[in-house]
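# task: produce atomic coordinates for the following.
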Amino acid sequence: MNGKLGAVLLPALGVTLAVGLWWLATVVFPVNPALVPGPGAVLGAFRELPSYLLAQAWHTLVEVLEGFAAAVVAGAFIALALTGSRVVERMAFPLLLALNSVPKVAVAPLLVLWFGFGQLPKLIMVFLVCFFPVVISMVSGLAATPPEFTELARSLEAPAWQAFLKVRVPSALPQVFVGLKVGMTLAVIGAVISEFQAGTVAGLGFVIAVSTGQTETAQTFAAVVLLALLSIALYYGLVAVERIMIPWARS
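This next block holds a predicted model:
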């Protein structure tokens, strides 16, 4: 099978099989549709409120992108500080580990208490959830520059900034993108957690909370499916950027 054709057909086949098994399970087993609706019921729920669900998906997407962008920018500065100084690394790394170990679900109500209802606590939650893998991947990438590349830059008497941009950064990018892809999927989870707690009437997390409380299970599943599609689109968006920026890594 052609590589490009397989890249499209195989994922489509996987999704088709998953939906087929989902439908078969609802037919074979006597499951109450109010508890586990079939694919047809979920599609019907989306057809009833397409504009509403897509608007909520857009709201969640904005939260994810803004929080993730903040995590990438802050993570880059912190990674530079950690790799640039052994003292800073020994001082700050335990604090980063402690911050990452705190359950984010427990932090969400505190963010609302400190920053009020609205967009800010949501963005902070997304930031906290995806921040650690982004920092770790950047630190690992910058610290893993092949020594022969470093020696080559020194032998050519390249300035420090030029050696950093043309040697260390390109060498670090494959590892950095691993953390970015992990962080992006976690960012969607962080957005949903924050929407459960933030008290605003927007986002797919809000749709899930309200529809579940009203036993509109098909609408809940529709929101969950949209979240899954959102995560897939964002992940493969990063994969596309990775292939453009570092085509040699794939080969």
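
# could you point out the helix or strand that follows the helix or strand harbouring residue 10?
Using DSSP states H and E, residue 10 maps to helix 3-28. Proceeding N to C from helix 3-28, the next assigned helix or strand is helix 39-48, under DSSP H and E.

# under the pLDDT cut-off, which ranges of the stretch 1-150 of the chain? List them.
1-8, 33, 146-150 (pLDDT under 70).

# what backbone torsions are found at residue 103?
Backbone geometry at residue 103, expressed as degrees, to the nearest 10, gives phi -60, psi 120.

# pull the number of nearby residues for it.
7 (other Cβ atoms under 10 Å). Glycine gets a C-beta too; all of them are placed from N, C-alpha and C.

# try residue 80
15.

# so who does it touch?
When contacts are counted by Cβ atoms under 8 Å, 6 or more residues apart in numbering, residue 80 touches residue 142.

# element containing it, please.
helix 50-84.

# and residue 96, by the same measure?
Using DSSP H and E, residue 96 falls within helix 86-101.

# next secondary structure after that helix?
Per DSSP H and E, the first helix or strand lying C-terminal to helix 86-101 is helix 104-115.

# can you list the buried residues in the very next helix or strand once past that next one?
Downstream of helix 104-115, the first helix or strand assigned by DSSP H and E is helix 119-143. Residues of helix 119-143 classed as buried by neighbour count (16 or more other Cβ atoms under 10 Å): 119, 121-142.

# next: stretch 78-90.
So for stretch 78-90, counting by 16+ other Cβ under 10 Å, buried means 78, 79, 82, 83, 89.

# could you export the residues you listed as a markdown table, including distance to residue 228?
Formatted as a markdown table, these follow (distance: Cβ to Cβ, whole Å):
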| residue | distance to residue 228 |
| --- | --- |
| 78 | 31 |
| 79 | 30 |
| 82 | 34 |
| 83 | 35 |
| 89 | 37 |
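
# I'd say residue 82 and residue 140 touch.
No - under the criterion of Cβ atoms under 8 Å, residue 82 is not in contact with residue 140, lying 10.4 Å apart.

# overlap of the contact sets of these two?
When Cβ under 8 Å, 6+ apart defines a contact, no residue borders residue 82 and residue 140 alike.

# rewinding a little: between the buried residues of stretch 78-90, which is nearest residue 177?
residue 79 (13.8 Å; Cβ to Cβ).

# spatially central residue in this protein, please.
residue 184 (1.9 Å; Cα atoms, centre = their mean).

# so what pLDDT did it get?
pLDDT for residue 184: 92.

# where does it land in three-state SS?
helix (DSSP: H, G, I helix; E, B strand; the rest coil).

# pretty sure residue 123 contacts residue 65?
No - here residue 123 lies out of contact with residue 65, judged by Cβ under 8 Å, at a distance of 10.0 Å.

# helices or strands up against the helix or strand containing residue 206?
Residue 206 is part of helix 204-213 when elements are defined by DSSP H and E. Where contact means 3 or more Cβ pairs under 8 Å, 6 or more residues apart in numbering; DSSP states H and E, helix 204-213 is packed against helix 50-84, helix 169-197, helix 217-245.

# so of these, which one's packed in deepest?
The highest mean neighbour count among these, using mean count of other Cβ atoms under 10 Å, belongs to helix 169-197: a mean of 22.

# look up the closest residue to residue 134, ignoring the ones flanking it.
By the measure of Cβ to Cβ, 6 or more residues apart in numbering, the closest residue to residue 134 outside its immediate chain neighbours is residue 75, 4.0 Å from it.

# what residues does residue 245 make contact with?
residue 173.

# distance of it relative to residue 176?
Residue 245 sits 10 Å away from residue 176, taking Cβ to Cβ, to the nearest Å as the criterion.

# wait, residue 205 touches residue 189, no?
No - counting by Cβ under 8 Å, residue 205 stays clear of residue 189, with 9.7 Å between them.
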